[in-house]
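>>> Kindly generate the corresponding structure for this input.
(chains A and B)
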2 protein chains.
Amino acid sequence: MTKTLSVQLGKRSYPIYIGHNLLLQPELIYRHITSIEVLIVTNKTIAPLYLQLVLNLLHNHRCKSVILPDGEQFKSLDILNQIFDQLLINNFSKQVTLIALGGGVIGDITGFAAACYQRGVPFIQIPTTLLSQVDSSIGGKTAVNHPLGKNMIGAFHHPKCVIADTNTLNTLNNRQLSSGLAEIIKYGLINDSKFFSWIKQNMPALRAKDPLILAKAIERACLNKANIVANDEFEHGTRILLNFGHTFGHAIETGMGYGNWLHGEAISCGMVMASDLSRRLGWLTIKDAKSISDLLKASGLPITTPQGMTVRQFMDLMSIDKKIKNNKIRLILLQGIGNAVISDDYPSDLLTATLKSFSH
Amino acid sequence: MTKTLSVQLGKRSYPIYIGHNLLLQPELIYRHITSIEVLIVTNKTIAPLYLQLVLNLLHNHRCKSVILPDGEQFKSLDILNQIFDQLLINNFSKQVTLIALGGGVIGDITGFAAACYQRGVPFIQIPTTLLSQVDSSIGGKTAVNHPLGKNMIGAFHHPKCVIADTNTLNTLNNRQLSSGLAEIIKYGLINDSKFFSWIKQNMPALRAKDPLILAKAIERACLNKANIVANDEFEHGTRILLNFGHTFGHAIETGMGYGNWLHGEAISCGMVMASDLSRRLGWLTIKDAKSISDLLKASGLPITTPQGMTVRQFMDLMSIDKKIKNNKIRLILLQGIGNAVISDDYPSDLLTATLKSFSH
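Numbers count the residues shown, from 1 in each chain, chains lettered A, B, ... in the order given. As a prediction, this is how the structure comes out:
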């Protein structure tokens, strides 16, 4: 059964299809492609698994593909240019549709290529990891990394649709699965305490990839994300709450070198750090802070920072993140589970205390 | 005296200031900068002439500058990255304002950097060439080139204001001046036959850089552009007329290697070719076609194609331009002076005849 959610953005509204065997249903993707020109962007891991399936769907189209290396370290301007090369070598016009077939890296870089090629062409997200199905494929944030900062070069550009085929999760390894669970838990923490409790109860089933339980988690996560994005498309307000754990987490990803920590792993650790600061502020009980780190640990995620990250490195990297305003680092913090807030109103020595307790 | 025009785009509306000594008036730029962080982007030719003037205006700001090499061949992804490097090395936040100080290349690449840095930051255009004052600084089209096609990677991103200080034209060489005249003549041809006649009468004064006559030409050109952009921001309709001569011209620029022909030189030749095809279609009289090429020649512009461009090369390069729809090259053609139309409804052998008569 296919579940259809909608991201309500007026003229830019688009559906999210969730279900199994979606990549066997040509009619789903057909209705969102308006010309015969199609470029599929995928990577070396995903291509042998799912590229042929998507090519089969589009055998009536002039369909080309480009296969990028796999990993966050390849979400760069250089690799982006490989997509432009293929578009131009194939003489693709402003009517071309790009298809992102892969995880968050492929989605982000393909979306950014679509945003920029001839000043904007349509694209479709086919996320194949849990993390990209519940988070990065939805909401129109596209980007590449710069050596000095993650997602520093990008655009807002929405897909025409998101096709989340849960079959693709069968080939996901445990580390990738856990990485996706981090973003699912995030929705519970910022906005949906009932979902947090549900995840806690169903963690064994989630980690065992129980198809029904996984599909439920994806739907609830996507619904949360779709609502937040619909209310604040360009992140002028509440959408920033989706960055819970990300200012700390991006510092880890950049500091450790892109690709060494998976995004969800860094975010897990970042959420534990944000919870720790919230607890020091008296906004979160010790019990709730422990409940958060326990659930992340039970998801197979790291809850301590990597060796080698110093307080100074954290401060430097965090102060380059996009949440800076008037020289103060704005953080997303918790006033209880399910109640995230944006704040730069915290004593800086408490932030230092958190960083110290997590540094080596 | 400062003349202020406006590009009417609702929330994204912005003023164009035209006049002399504008770079000595801090209040003009101040009102459009909302934080203390400023990065000026300029090039090696312009920096010694005008960078200090702009730095003086902004001595209360945390103002850094980046000096790029000069020329169309440097409007590339690689050089774009130098701007991102500077933004990140200086730890500039999403509140930074970029300033494009230079000609069309600087305006296009700086605007694109502003469109992408942290998914969009404000920028200001200070065009220092005639061409950029009357055309590229207005309208929000930003881009870099790809070796296979001009302006293929870009975004729509409007400046907060355009400051066209006519003093900066004093240092313009004759070739650059003529290049700007090409775009001025373009407005007469597509939309404003009275302006075309006026330009014809005033050509000696324009080439002699008579300040009053130049200022009049700039105003009338900017007014034409501002109106067209206000009516069709994203080029879904009439704005495409502004590309008169550009499909042929871009082929010359790309085919000859970026930087060898100035943009206005290539557009001059492109307009003569488009006029030639219009004449072959019976849409333009022989007399008018001659009047067009005579005026371009009198402006110091080339009206014949460069050695070495073949019919096949033209066809290949033109078919990669952005005006392709359903595999037909849409051209902007003339049904008389001051009456441009978009058309893919022409016998292809007439296009071939035009290309043959202009090839070597």
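>>> who are the neighbours in contact with the residue of the stretch 101-250 of chain A found nearest chain B?
Across the stretch 101-250 of chain A, no residue is closer to chain B than A:Leu148, which sits at 3.9 Å (Cβ to the nearest Cβ). To be clear about C-beta, it is placed using only N, CA and C from the backbone, and glycine gets the same treatment. Applying Cβ atoms under 8 Å, 6 or more residues apart in numbering or on different chains to A:Leu148 gives the contacts A:Thr254, A:Ile320, B:Asp85, B:Leu88, B:Ile89.
>>> Now flag whichever of these is closest to A:Ile240.
Nearest to A:Ile240 out of the contacts of A:Leu148 is A:Ile320 (Cβ to Cβ; 16.7 Å).
>>> Okay, now the unreliable bits of the stretch 201-350 of chain A?
A:321-327 (pLDDT under 70).
>>> how about the strands in it?
Counting by DSSP state E, counting those that start in this stretch, one finds strands in the stretch 201-350 of chain A at the ranges A:324-325, A:328-329, A:331-334, A:340-343.
>>> Out of those, which is closest to A:Gly237?
strand A:340-343 (8.5 Å).
>>> May I have the closest one exported as PDB, CA atoms only?
Extracted C-alpha coordinates of strand A:340-343, given in PDB (Å, rounded to 0.1, in the frame of the first residue of the first chain):
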ATOM      1  CA  ALA A 340      12.700  22.400  21.500                       C
ATOM      2  CA  VAL A 341      13.400  26.200  21.600                       C
ATOM      3  CA  ILE A 342      15.900  28.500  19.800                       C
ATOM      4  CA  SER A 343      18.100  30.300  22.200                       C
END
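>>> Surely A:Ile163 touches A:Glu27?
No: look at A:Ile163 against A:Glu27 with Cβ atoms under 8 Å: they stay out of range, at 11.6 Å.
>>> So between these two, which is more surrounded?
Taking neighbours as other Cβ atoms under 10 Å in any protein chain shown, A:Ile163 and A:Glu27 compare with A:Ile163 leading, 29 against 7.
>>> Mind listing residues that contact the host helix or strand of that one?
Assigned by DSSP states H and E, A:Ile163 belongs to strand A:162-165. When contacts are defined by Cβ under 8 Å, 6+ apart, strand A:162-165 is touched by residues A:14-23, A:28-29, A:124-128, A:133, A:137-138, A:218, A:222.
>>> Buried among those? Make that a ChimeraX selection.
Under the burial definition 16 or more other Cβ atoms under 10 Å in any protein chain shown, those of these that qualify are selected in ChimeraX by:
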select /A:14,15,16,17,18,19,20,22,23,28,29,124,125,126,127,128,133,137,138,218,222
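>>> Among the contacts of strand A:162-165, which lie within strands?
Those of the contacts of strand A:162-165 mapping onto strands are A:Tyr14, A:Pro15, A:Ile16, A:Tyr17, A:Ile18, A:Gly19, A:Ile124, A:Gln125, A:Ile126, A:Pro127, per DSSP state E.
>>> how about the second one, what does it touch?
A:Pro15 makes contact with A:Thr4, A:Leu5, A:Ser6, A:Val7, A:Cys161, A:Val162, according to Cβ under 8 Å, 6+ apart.
>>> before we move on, the earlier item: could you say which one of the strands of the stretch 201-350 of chain A comes nearest to B:Gly103?
Set against B:Gly103 and scored by Cβ to Cβ, the strands of the stretch 201-350 of chain A come closest in strand A:324-325, at 32.4 Å.
>>> can you list the residues of chain A near chain B?
By Cβ under 8 Å from any Cβ of the partner chain, the residues of chain A that approach chain B are A:35, A:77, A:80-81, A:84-85, A:88-89, A:91, A:93-95, A:115-120, A:141, A:143, A:146, A:148-149, A:152-156, A:319-320, A:322, A:324-327.
>>> among these, which are in helices?
If you go by DSSP state H, these have A:Leu77, A:Leu80, A:Asn81, A:Phe84, A:Asp85, A:Leu88, A:Ile89, A:Ala115, A:Cys116 in helices.
>>> of the residues you listed, closest to chain B?
Distance to chain B across those (Cβ to the nearest Cβ) is lowest for A:Leu88, with 3.9 Å.
>>> nearest residue to the closest one other than its sequence neighbours?
Excluding the flanking residues, the one nearest A:Leu88 by Cβ to Cβ, 6 or more residues apart in numbering or on different chains is B:Leu148, at 3.9 Å.
>>> try A:Ile332
Leaving aside its sequence neighbours, A:Ile332 sits nearest to A:Phe244 (Cβ to Cβ, 6+ apart; 4.3 Å).
>>> swap in A:Ala226?
Spatial nearest neighbour of A:Ala226, chain neighbours left out: A:Val7 (4.6 Å); criterion: Cβ to Cβ, 6+ apart.
>>> was I right about that neighbour contacting A:Ile16?
Yes: A:Val7 is within contact range of A:Ile16, at 6.8 Å (criterion: Cβ under 8 Å).
>>> in the sheet, who's paired with the residue nearest to A:Ala226?
A:Val7 has the following beta-bridge partners by DSSP bridges: A:Tyr14.
>>> How about the contacts made by it?
By Cβ under 8 Å, 6+ apart, the neighbours of A:Val7 are A:Ser13, A:Tyr14, A:Pro15, A:Ile16, A:Ile138, A:Gly139, A:His158, A:Ala226, A:Val229, A:Ala230.
>>> of those, closest to B:Pro211?
A:His158 (47.8 Å).
>>> What separation do you get for that closest one and B:Met256?
From A:His158 over to B:Met256 the distance is 38 Å, taken as Cβ to Cβ, to the nearest Å.
>>> of those two, who's got more company?
A:His158 (24 against 17).
>>> who's in contact with the more buried one?
Contact partners of A:His158, counting by Cβ under 8 Å, 6+ apart, are A:Val7, A:Leu9, A:Arg12, A:Tyr14, A:Gly139, A:Gly140.
>>> same thing but at 7 Å, please
A:His158 sits next to A:Leu9, A:Arg12, A:Tyr14, A:Gly140 when contact means Cβ atoms under 7 Å, 6 or more residues apart in numbering or on different chains.
>>> The first one is in contact with A:Asn227, isn't it?
No: A:Leu9 sits out of contact with A:Asn227 when judged by Cβ atoms under 7 Å, with a separation of 11.6 Å.
>>> Let me see the ranges of the helices in chain A.
A:26-30, A:52-57, A:77-89, A:104-116, A:130-131, A:174-191, A:193-207, A:211-231, A:246-256, A:263-280, A:286-298, A:311-318, A:348-358.
>>> which secondary structure elements does the fifth one contact?
Of the remaining helices and strands, those touching helix A:130-131 by 3 or more Cβ pairs under 7 Å, 6 or more residues apart in numbering or on different chains; DSSP states H and E are helix A:174-191.
>>> Out of the contacts of A:Leu148, which comes closest to B:Leu295?
Nearest member of the contacts of A:Leu148 to B:Leu295, counting by Cβ to Cβ, is B:Asp85, at 44.0 Å.
>>> quick one: the closest one from B:Leu57, how far?
Per Cβ to Cβ, B:Asp85 is found 24 Å from B:Leu57.
>>> So for the two, which sits in the more crowded spot?
In this view B:Asp85 and B:Leu57 are compared by other Cβ under 10 Å, and B:Leu57 has more residues nearby, 24 against 14.
>>> ok, the nearest residue to that one once chain neighbours are set aside - how many residues close by?
Leaving out its chain neighbours, the residue that sits closest to B:Leu57 by Cβ to Cβ, 6+ apart is B:Pro26, at 4.7 Å. By the criterion of other Cβ under 10 Å, B:Pro26 has 13 neighbours.
>>> tell me the pLDDT at B:Pro26?
We note a pLDDT of 94 for B:Pro26 in this prediction.
>>> For B:Arg279, see how far away it is.
To B:Arg279, B:Pro26 is 51 Å away according to Cβ to Cβ.
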